[in-house]
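Asker: need coordinates for the following:
(one chain, ligands or ions: 1)
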Amino acid sequence: MPSDTAVWTRGLSKRYGERRVVDHLDLRVPVGALSGFVGPNGAGKSTTLRMLLGLVRPTEGQAYVLGEPVSAPDQYLDRTGAMIEGPTFHPGLSGRRNLDQLALLRGLGRSHRAGGASRHGAVGAGAAGPGRRGRRDRVAEVLDQVGLSTRADDRFSTYSLGMKQRLGIAAALLPNPDLLILDEPTNGLDPAGIREIRTLLRDLAGTGMTVFVSSHLLSEVEQICDHLVMIRNGRMLFQGHVAELLAAEDPRILMVPERDDDAVRLAGVLGAAGLRIEIEMAGGSRPMPAMVERHPVVVAHAPEGLAPDINRLAMRAGITLRSIRTHRPNLEETFLKATGDVDGDLTMRGGAT
Ligand SMILES: Nc1ncnc2c1ncn2[C@@H]1O[C@H](COP(=O)(O)OP(=O)(O)OP(=O)(O)O)[C@@H](O)[C@H]1O
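Answerer: Next up is the predicted model:
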């Protein structure tokens, strides 16, 4: 597998009985990416993540994580942090005590980690070094990283759901991983909790860590991820950079001339300038602000950066615009289009490698 790929699979499949819940996935998660793993409930995300962590054995295919085969998880798990199910902690203990116990269980702070330096050049339980003190320092570090320092000594049972999730992420961060795998970390959170997790993931990705995070809410990952893997029914729909996916769609500029008669003329002017133009008549499918809904809309297939030039062209032709606005499809629309396009027969779309 290429060294710039943190997760690499070929034909990765999992069958339960007759059902193939993961179906020949070729994953490529670039090193350092904040990658969203998106698909509706039951799409096969959790099963895939479990296979990547050596928790579920693939039925077919190959899978490598941080350069090591999933058949030998001990080769990469000490460099991988994961939160696969909602975190389970002791409700009567503080966040700090919970983490300390986990660190102890995982052998952090007992000795140097075999295998040498990690992403930050830190060894074993982190920069703090071995021993009880090292463990304590590492726990304090991860609590700080997830923004829980001030509540660290309160009982876990008093934490909000968002804080519980953040503590779960802190636990995953204990080994100072190069790769962080999170399964639906925002599930059940309120908007404020979702924002907190988003900010945290961005910050973590900013440190150079590869973050692979699943969600069934595309709108959520659209806002934070630079890379996306979309699956449905266990099959790949799209993988690539978010910008590539958006570029696959065509952004539009919508104009309403002040005089209805000018619509055809405006379309001619813009068409002559090389743009693909359509005129949508009143009552078309696109919802328009009430003020303009009874007027023809001239639609130019062009990125929003061209809006000032288009406006100037219209002005030069003596056409005044009642309104001009840009329409950039969001990922949700693009995703729905992608799933609609494949019409039940899910095949790989452009951008997949
Ligand atoms: N151990 C199992 N035995 C049988 N079927 C399973 C098993 N684990 C998962 N499945 C089935 O595999 C399909 C994919 O499940 P998976 O949990 O991977 O999906 P998901 O995309 O993570 O969805 P969700 O967000 O709902 O968890 C589901 O239909 C599920 O019922």
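Asker: for stretch 189-203, give the mean pLDDT please.
Answerer: Averaging pLDDT along stretch 189-203 yields 88.
Asker: contact partners of it?
Answerer: 34, 145-147, 160-162, 165-166, 169, 182, 185-186, 211, 213, 220, 223-224 (C-beta atoms under 8 Å, 6 or more residues apart in numbering). Any C-beta I mention is one placed from the backbone N, CA and C, and that applies to glycine too.
Asker: how about stretch 152-170?
Answerer: Against stretch 152-170 from outside (C-beta under 8 Å, 6+ apart): 83, 86-87, 89-96, 98-99, 140, 142-143, 145-148, 151, 180, 182, 185-186, 188-190, 192-194, 196-197, 200.
Asker: narrow those residues to those in helices?
Answerer: 95-96, 98-99, 140, 142-143, 145, 192-194, 196-197, 200 (DSSP state H).
Asker: please identify the helix or strand for R10.
Answerer: Using DSSP states H and E, R10 sits within strand 5-16.
Asker: which parts of this protein sit against the ligand?
Answerer: 16, 21, 39, 41-47, 216 (C-beta under 6 Å from any ligand atom).
Asker: before we move on, the earlier item: got a quick PyMOL command for the buried subset of the contacts of stretch 189-203?
Answerer: Of those, the buried ones can be selected in PyMOL as follows, counting by 16 or more other C-beta atoms under 10 Å:
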select buried, resi 34+145+146+147+162+165+166+169+182+185+186+211+213+220+224
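Asker: chain neighbours aside, what residue packs nearest to D23?
Answerer: G234 (3.9 Å; C-beta to C-beta, 6 or more residues apart in numbering).
Asker: can you report how many residues lie near the residue of the stretch 51-200 of the chain found nearest the ligand?
Answerer: Going by C-beta to the nearest ligand atom, the ligand is nearest to E184 of the stretch 51-200 of the chain, at 6.1 Å. Neighbourhood size, E184 [other C-beta atoms under 10 Å]: 23.
Asker: cool, the one 10 residues further on as well?
Answerer: Taking other C-beta under 10 Å as the neighbour definition, I194 ends up with a count of 20.
Asker: then R138?
Answerer: 26.
Asker: what's the following helix or strand after whichever helix or strand D137 is part of?
Answerer: Here D137, judged by DSSP H and E, is contained in helix 131-145. Downstream of helix 131-145, the next assigned helix or strand under DSSP H and E is helix 161-173.
Asker: now what about the strand holding R10, what contacts it?
Answerer: So strand 5-16 is in contact with 1-2, 20-33, 44, 47-48, 51-52, 56, 58-66, 178-179, 210, 212, 234, going by C-beta under 8 Å, 6+ apart.
Asker: next step: these restricted to strands.
Answerer: 20-25, 28-30, 60-65, 179, 210, 212 (DSSP state E).
Asker: mind giving me the PyMOL select for those, buried ones only?
Answerer: Remark: buried members of these, expressed as a PyMOL selection using 16+ other C-beta under 10 Å:
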select buried, resi 20+21+22+23+24+25+28+29+30+61+63+64+65+179+210+212
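Asker: so D250 sits against H301, correct?
Answerer: Yes: using C-beta atoms under 8 Å, D250 makes contact with H301 at a distance of 4.9 Å.
Asker: now the end-to-end length of stretch 216-226.
Answerer: One end of stretch 216-226 to the other measures 17 Å (C-alpha to C-alpha, to the nearest Å).
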